[in-house]
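S.K.: Kindly generate the corresponding structure for this input.
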Amino acid sequence: MLGSYLYYIIPGNADFVPVMDLIKKNGKRVFSASLTKGYSFELREKHKFMVLGRNLLLEECLK
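M.R.: Okay, here's the model as predicted:
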């Protein structure tokens with residue numbers, strides 16, 4: 001994995017769970033982030049996650 005040790009993935013759905021499992025199996029840290037609506041339960045259940053709230057997006061990202 002090119003010497004990296006931390007990965008952030010922003011999928012929202014469970015399509016990337018197998019990839020995230022593989023990254024974690026190789027001893028790397030992996031997190032996901034998504035908006036509240038449509039955030040996969042399986043993704044949140046199996047890996048660390050961050051919910052991107054509307055206020056965070058408006059205040060920090062759309063300045």
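S.K.: all contacts plus neighbour counts: C-alpha atoms, from now on.
M.R.: OK.
S.K.: Distance of Leu43 relative to Ser34?
M.R.: 10 Å (Cα to Cα, to the nearest Å).
S.K.: what about the two, which has more around it?
M.R.: Neighbour tally, Leu43 and Ser34, criterion other Cα atoms under 10 Å: the higher count belongs to Leu43, 22 against 18.
S.K.: Run through the chain and note the low-pLDDT ranges.
M.R.: The model of the chain has pLDDT under 70 over residues 1-4, 54-63.
S.K.: element containing Ser32, please.
M.R.: Element membership of Ser32, judged by DSSP states H and E, is strand 29-35.
S.K.: typed the wrong thing, it's Met50
M.R.: strand 48-52.
S.K.: dump the residue contacts of the residue most central in space within the chain.
M.R.: Centre of the chain computed as the mean C-alpha position; nearest residue by Cα atoms, centre = their mean is Ser32, 0.7 Å away. By Cα atoms under 8 Å, 6 or more residues apart in numbering, the contact list for Ser32 reads Tyr8, Ile9, Ile10, Pro11, Gly12, Leu43, Arg44, His47, Lys48, Phe49, Met50.
S.K.: Show me which residues of the lengthiest helix in the chain are buried.
M.R.: Identified as the longest helix of the chain according to DSSP state H is helix 17-25. Residues of helix 17-25 classed as buried under the neighbour-count rule (16 or more other Cα atoms under 10 Å) are Val17, Met20, Ile23, Lys24.
S.K.: tell me, what's touching Leu43 and Ser34 both at once?
M.R.: Listed as contacting both Leu43 and Ser34 by Cα under 8 Å, 6+ apart are Gly12.
S.K.: Now do the closest residue to Thr36 other than its chain neighbours against Ala33, distance only.
M.R.: In space, and not counting its chain neighbours, Thr36 is closest to Val51: 5.8 Å by Cα to Cα, 6 or more residues apart in numbering. Look at Val51 and Ala33: by Cα to Cα, they are 6 Å apart.
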